[in-house]
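[1] Sharing a sequence plus its predicted fold:
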Amino acid sequence: MVIVNTVNECIAGATKKLTSLGGQIKDIITIGITNQRESTVIWDRNTGQPLANAIIWLDNRTTSTVEELLEAIPNNARNINYLRPLCGLPLSPYFSGVKLRWLRDNVPTVKAAMDSGVAMFGTIDTWLMYNLTGGKNGGVHKTDVTNASRTMLMNIETLQWDPNLLKFFGLPKTILPEICSSAEFYGSLAQGVLKGTSITADLGDQQAALVGQQCLSKGQAKATYGTGCFLLYNTGPSIVHSQHGLLTTVGYQLGRKATPYYALEGSVSIAGAAFNWLRDNIGLIQNSGQIEAMAATVDNSLDVYFVPAFNGLYAPYWNQDARGVICGLSEETTSEHIVRATLEAVCFQVRDILDSMHKDCKIPLAKLMVDGGMTVNNLFLQLQSDLVGIHVLRAKIAETTALGAAMAAYKAVENRYSMEAPLSKSGPREPVKPTIGSTERNLRYQKWKMAIDRSLNWETSTLPQGEREAFDGA
Ligand SMILES: Nc1ncnc2c1ncn2[C@@H]1O[C@H](COP(=O)(O)OP(=O)(O)O)[C@@H](O)[C@H]1O
Ligand SMILES: O=P(O)(O)OC[C@H](O)CO
């Protein structure tokens, strides 16, 4: 309900601003939704009220559920990639199917509502759309192919809910929304200042950024650096099953009859969130405006490496038992070195993913389009270019995610609109180019890999038998 209220406040604020700038409400032709993906909501179709708090994508409470699901895999295989051929995803606490199974197993009212057929499930797009279009009084229950591709419940080829996946997770089909394309008529707003305005796009935020960056051809890629970092590589109409730890996901389908485009995705759970941690938990910085200046006061990170694996590591490792480590501290290490190492941590994680993409797609990327909150930081873009050895191009329109949803929404009402047409504020971007050589780059990357080794499986590592007994005895 907090999420719905926030969106209603946002609509009220944005429309007020529009009119104060001389625009008119009737100029709003249509609305596109873009949302944080995987976060899971379950509610009662009779009351329209949630049956539990939403479980957000980063939430790790489902780790034990993954363990139980691994146990259920035939032949004791415990293979996290068991469902990949069907849904393109590894078993991980990250995805909605696992969160739903946790809710069913741990919240009795959810189980009862699932059994009696009154439960409705949605990712955040579905929950918002349901409420905006009337809630229990006729609100629509729909999602799009990009969001559905993050649930582990949709078949990546048929783009329909898959009975085998539902059976594996022990979930009833009655809870699921209708899967639609990313650009079509979903419903109209039931109340408020935009009452009657249609909703004609729905895309997960990372896919919307892919569209907003106009990465609409096979071989184009973008990285969005916010809380996490998500690199999507457009593979065109073909489904590429990664052999190197990436996800296969739907990129977009711009219309009911349009060809679905797929993407390989590298997901990093902690990017900008590492700075929130430095600020809120450690007190090393007071605000994000300081980050660039602090990191620039030192020439390098003085061999400090920070792996911010707070909730395990996502792509390409998929190690839910990894935990954060800071390696290479010495008497000379200062706050500035740690801040710089935090920026570099994001860059190295992107290199991990680009190396996997290269192996899966064979063609190395020549340039990387970037957007998201962290990309205001010029030093960060230089470090990213240096540590990967790639040209980095920052989006001219900062809110690429919202832009992608708006473009898709307009495409649904004006079929002649060309998504590839130059946007008025775009124009050529100045690339940030590498300033260090490959020897230095590769040496630094090897050290990063050593830090990764120290972080992997931390949660499950145990002391050697003799030492454990001595420890227990003490
Ligand atoms: N100058 C900066 N340098 C590095 N990180 C930054 C800077 N400014 C903001 N951030 C990080 O960017 C993130 C916010 O970006 P945003 O795209 O709004 O994220 P989200 O969409 O996930 O909320 C925060 O985690 C913040 O720490
Ligand atoms: O904006 P972020 O970084 O919180 O991204 C959320 C993603 O959709 C999670 O998959």
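    Arrived safely, thanks for sending. Numbering: from 1, shown residues only. Ligands and ions are numbered 1, 2, ... in the order given.
[2] Against residue 215, how distant is the residue nearest to residue 212 when sequence neighbours are not counted?
    The spatially closest residue to residue 212, leaving aside those adjacent along the chain, is residue 404, at 3.2 Å (Cβ to Cβ, 6 or more residues apart in numbering). Every residue, glycine included, has its C-beta placed from N, CA and C. Distance, residue 404 to residue 215, using Cβ to Cβ, to the nearest Å: 10 Å.
[3] Let me see the ranges of the strands in the stretch 101-250 of the chain.
    Remark: strands assigned in the stretch 101-250 of the chain by DSSP state E, counting those that start in this stretch are 119-122, 142-144, 178-180, 187-188, 198-204, 221-225, 229-236, 247-252.
[4] repeat for the stretch 301-450 of the chain
    305-307, 325-327, 367-371, 391-394.
[5] Format those as TSV; extra columns: mean pLDDT and mean neighbour count.
    As requested, the strands of the stretch 301-450 of the chain are exported to TSV (pLDDT from 0 to 100; neighbours: other Cβ atoms under 10 Å):
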stretch	mean pLDDT	mean neighbour count
strand 305-307	98	25
strand 325-327	97	18
strand 367-371	91	22
strand 391-394	93	20
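[6] For ligand 2, which of the ones you listed is the nearest?
    strand 367-371 (10.8 Å; Cβ to the nearest ligand atom).
[7] Determine how far the closest one lies from the middle of the whole chain.
    In terms of Cα atoms, centre = their mean, to the nearest Å, the centre of strand 367-371 is set 16 Å apart from its chain centre.
[8] in its sheet, what does that strand sit against?
    Applying DSSP bridges, strand 367-371 is found paired with strand 221-225 (parallel), strand 391-394 (parallel).
[9] what about it and ligand 2, touching?
    No. Strand 367-371 stays clear of ligand 2 (Cβ under 6 Å from any ligand atom), getting no nearer than 10.8 Å.
[10] That strand to strand 229-236, inter-axis angle?
    Strand 367-371 runs at 130 degrees relative to strand 229-236, counting by axes from the mean of the first three to the mean of the last three Cα atoms, to 10 degrees.
[11] Mind listing residues that contact strand 367-371?
    Strand 367-371 has contacts (Cβ atoms under 8 Å, 6 or more residues apart in numbering) with 209, 212-213, 215, 220-225, 231, 350, 354, 381, 384, 388, 390-395, 398, 400-401, 431.
[12] So residue 295 sits against residue 334, correct?
    No. Residue 295 lies out of contact with residue 334 (Cβ atoms under 8 Å); the separation is 11.1 Å.
[13] and stretch 208-221, how far from the chain's centre?
    Remark: stretch 208-221 is offset 15 Å from the chain centroid, using Cα atoms, centre = their mean.
[14] Actually, stretch 59-73.
    For stretch 59-73 - counting by Cα atoms, centre = their mean - the centre lies 20 Å from the chain centre.
[15] Check stretch 29-43 too.
    Per Cα atoms, centre = their mean, the centroid offset for stretch 29-43 relative to its chain is 13 Å.
[16] coming back round to it: can I get the strands of the stretch 101-250 of the chain in a markdown table including distance to residue 35, mean neighbour count and mean pLDDT?
    Formatted as a markdown table, the strands of the stretch 101-250 of the chain follow (distance: least, Cβ to Cβ, whole Å; neighbours: other Cβ atoms under 10 Å; pLDDT from 0 to 100):
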| stretch | distance to residue 35 | mean neighbour count | mean pLDDT |
| --- | --- | --- | --- |
| strand 119-122 | 10 | 26 | 98 |
| strand 142-144 | 10 | 28 | 98 |
| strand 178-180 | 14 | 18 | 98 |
| strand 187-188 | 16 | 18 | 97 |
| strand 198-204 | 6 | 28 | 98 |
| strand 221-225 | 14 | 26 | 94 |
| strand 229-236 | 13 | 25 | 95 |
| strand 247-252 | 14 | 27 | 97 |
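[17] Could you provide those in TSV, with additional columns for distance to ligand 2?
    Shown next, in TSV, are the strands of the stretch 101-250 of the chain (distance: least, Cβ to the nearest ligand atom, whole Å):
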stretch	distance to ligand 2
strand 119-122	15
strand 142-144	13
strand 178-180	18
strand 187-188	23
strand 198-204	6
strand 221-225	7
strand 229-236	6
strand 247-252	10
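[18] of all those strands, which lies closest to ligand 1?
    strand 221-225 (6.7 Å).
[19] and that closest one, anywhere near ligand 1?
    No. Judged by Cβ under 6 Å from any ligand atom, strand 221-225 makes no contact with ligand 1; its nearest approach is 6.7 Å.
[20] Distance from that strand to the middle of the chain?
    On Cα atoms, centre = their mean, the centre of strand 221-225 falls 11 Å from that of its chain.
[21] what do you get for stretch 286-295?
    With Cα atoms, centre = their mean, you get 25 Å for stretch 286-295.
[22] Need the contact partners of it.
    Residues from elsewhere that reach stretch 286-295 (Cβ under 8 Å, 6+ apart): 272, 275, 279, 285, 335-336, 339-340, 343, 373, 377-380.
[23] In that stretch, which residues are buried?
    By 16 or more other Cβ atoms under 10 Å, the buried positions in stretch 286-295 come out as 288, 291, 294-295.
[24] same check, this time on stretch 436-450
    The neighbour-count check on stretch 436-450 (16+ other Cβ under 10 Å) flags 444-445, 448 as buried.
[25] do the same with stretch 187-195
    Buried, per 16+ other Cβ under 10 Å, within stretch 187-195: 187-190, 193-194.
[26] same question, stretch 149-166
    So for stretch 149-166, counting by 16+ other Cβ under 10 Å, buried means 149-156, 159, 161-162, 165-166.
[27] Now do it: distance from first to last residue.
    End-to-end distance of stretch 149-166 (Cα to Cα, to the nearest Å): 14 Å.
[28] for the record, mean pLDDT for that stretch?
    For stretch 149-166, mean pLDDT is 98.
[29] What of stretch 17-25?
    Across stretch 17-25, the average pLDDT comes to 95.
[30] mind checking pLDDT for residue 414?
    With respect to pLDDT, residue 414 has a value of 90.
[31] From ligand 1, how far off is it?
    Using Cβ to the nearest ligand atom, to the nearest Å, one obtains 28 Å as the distance from residue 414 to ligand 1.
[32] Next, count neighbours for that residue.
    Residue 414 has 12 neighbouring residues, counting by other Cβ atoms under 10 Å.
[33] Same check on residue 239?
    Using other Cβ under 10 Å, residue 239 has 15 other residues around it.
[34] Now do the contacts for it.
    In this structure, residue 239 makes contact with 88, 156-157, 248, 262, judged by Cβ under 8 Å, 6+ apart.
[35] about what we covered before: output the buried residues of stretch 187-195 in CSV; the columns should cover distance to residue 92.
    CSV is the format used below for the buried residues of stretch 187-195 (distance: Cβ to Cβ, whole Å):
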residue, distance to residue 92
187, 32
188, 36
189, 35
190, 36
193, 40
194, 37
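[36] thinking again about what came up before, now the strands of the stretch 301-450 of the chain as CSV including distance to ligand 1?
    Shown next, in CSV, are the strands of the stretch 301-450 of the chain (distance: least, Cβ to the nearest ligand atom, whole Å):
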stretch, distance to ligand 1
strand 305-307, 14
strand 325-327, 17
strand 367-371, 8
strand 391-394, 13
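[37] Good, wrapping up.
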